[in-house]
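Asks: take a look and give me a structure for this.
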Amino acid sequence: MNAQIQNALQQLDQVILGKETVLRQIFACVLAGGHVLLEDVPGVGKTTLAHGVAAVLGLNYRRVQFTNDMLPSDLLGVSVYRPNEGKFEFHPGPVFHHFLLADEINRASPKLQSALLEAMEERQVSVDGKTYRLPKPFLVVATQNPVEQIGTFPLPESQLDRFMMRLSMGYPSAQAEKQLYFQGDRRQTLPQLQAVCNAEILAGWMQEVAAVKVSQAAADYVFRLVEATRQPGRFVLGLSPRAGLAVVAAAKAWAFMQGRGHVLPDDVKAVWVPVANHRVQAVQQQQNSEMLLKDLLDHVAIA
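Replies: Presented below is the predicted three-dimensional model:
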């Protein structure tokens, strides 16, 4: 593994206890240029994780607390008229950072959620008929609470599809939780994190990830997995080609993290569930989409 990335993961492992797999998955998503949706109950460390990732990557970071009365201009920015100069001056909003933490994104109204779509997909925003490019790289890590909690709005399918991965941290292991109580709140260790790169270096890593080779056999394996989701009886709708491209991009990032220049089936398996789980819905409500996706890994032939 890239020594700097390994250093970053080791640092974060001291802040977020016992979540090595989630840490690797979120790094793979970042390296692939994707956005991350962290879905879990409050208080398990979602915001701390996002802050820590931004710190070790050396990115300028902004946290925005989404609320139901927030307006798109609060996020994107606003044009202010300067009477002395006789013109409008654009004041950029918090979206103009390399790393945006959209905290509790599903507490915002659909109008604000839709305002974020262009930024996530096109890496630009449009205000008063003018288009403004966002800094590169531009990454969104959003947290959301379970939809059954009071004051939440379900994210529309188009918004969910803009997230490369949906991850869930879950409760810590018994050992990790005991250690947390003994050592205290891990948020106090965030200022001690050392950046292993910056925006320019991260952009270079992203280019290296894009250059990772995908063999015809690996591409065929991804296709068979995607096609299996379209078979009747499992999911309401199967995965789209865009979802398949996201699987490939994430698998390339996973291979890069392992120090390889080509994708193996194990790389696809490592990212399959977090990339696909928010894009499908089980036909039978009592079934779990994540379990169905894991089942496909056991039954779809590698070659």
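
Asks: ok, then the element right after the host helix or strand of Ile201?
Replies: Taking DSSP states H and E as the definition, Ile201 sits inside helix 199-210. The first helix or strand that comes after helix 199-210 along the chain, using DSSP H and E, is helix 216-229.

Asks: which elements pack onto that next one?
Replies: helix 241-257, helix 265-276, helix 289-299 (3 or more Cβ pairs under 8 Å, 6 or more residues apart in numbering; DSSP states H and E). Every residue, glycine included, has its C-beta placed from N, CA and C.

Asks: mind listing the strands for the stretch 51-200 of the chain?
Replies: Ranges of strands in the stretch 51-200 of the chain, per DSSP state E, counting those that start in this stretch, are 61-65, 77-82, 87-92, 99-103, 124-127, 130-133, 139-144, 165-167.

Asks: reformat those as TSV; add mean pLDDT.
Replies: Below are the strands of the stretch 51-200 of the chain laid out as TSV (pLDDT from 0 to 100):
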stretch	mean pLDDT
strand 61-65	92
strand 77-82	88
strand 87-92	87
strand 99-103	93
strand 124-127	88
strand 130-133	90
strand 139-144	92
strand 165-167	94
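
Asks: might you report the residue contacts of the residue nearest to Ala250 when sequence neighbours are not counted?
Replies: Nearest non-adjacent residue to Ala250, counting by Cβ to Cβ, 6 or more residues apart in numbering: Val271, 3.8 Å away. Residues near Val271 by Cβ atoms under 8 Å, 6 or more residues apart in numbering: 25, 28, 165, 247, 250-251, 253-254.

Asks: can you tell me the centre-most residue of the protein?
Replies: Val36 (1.0 Å; Cα atoms, centre = their mean).

Asks: ok, it touching Gln144?
Replies: No - judged on Cβ atoms under 8 Å, Val36 makes no contact with Gln144 at a distance of 11.2 Å.

Asks: quick one on the thing from earlier: out of the contacts of Val271, which is most surrounded?
Replies: Within those, most neighbours by other Cβ atoms under 10 Å means Ala253, with 31 neighbours.

Asks: isn't that one right up against Ala211?
Replies: No - between Ala253 and Ala211 no contact is recorded; they are 11.6 Å apart, counting by Cβ under 8 Å.

Asks: select, out of the helices and strands packed on helix 216-229, the one closest to Gln65.
Replies: helix 265-276 (24.8 Å; Cβ to Cβ).

Asks: which parts of that closest one are buried?
Replies: 267-276 (16 or more other Cβ atoms under 10 Å).

Asks: in this protein, which helix or strand is least confident?
Replies: helix 157-160 (a mean of 80; mean pLDDT, DSSP states H and E).

Asks: which secondary structure elements does that helix sit against?
Replies: So helix 157-160, by 3+ Cβ pairs under 8 Å, 6+ apart, packs with helix 110-122.
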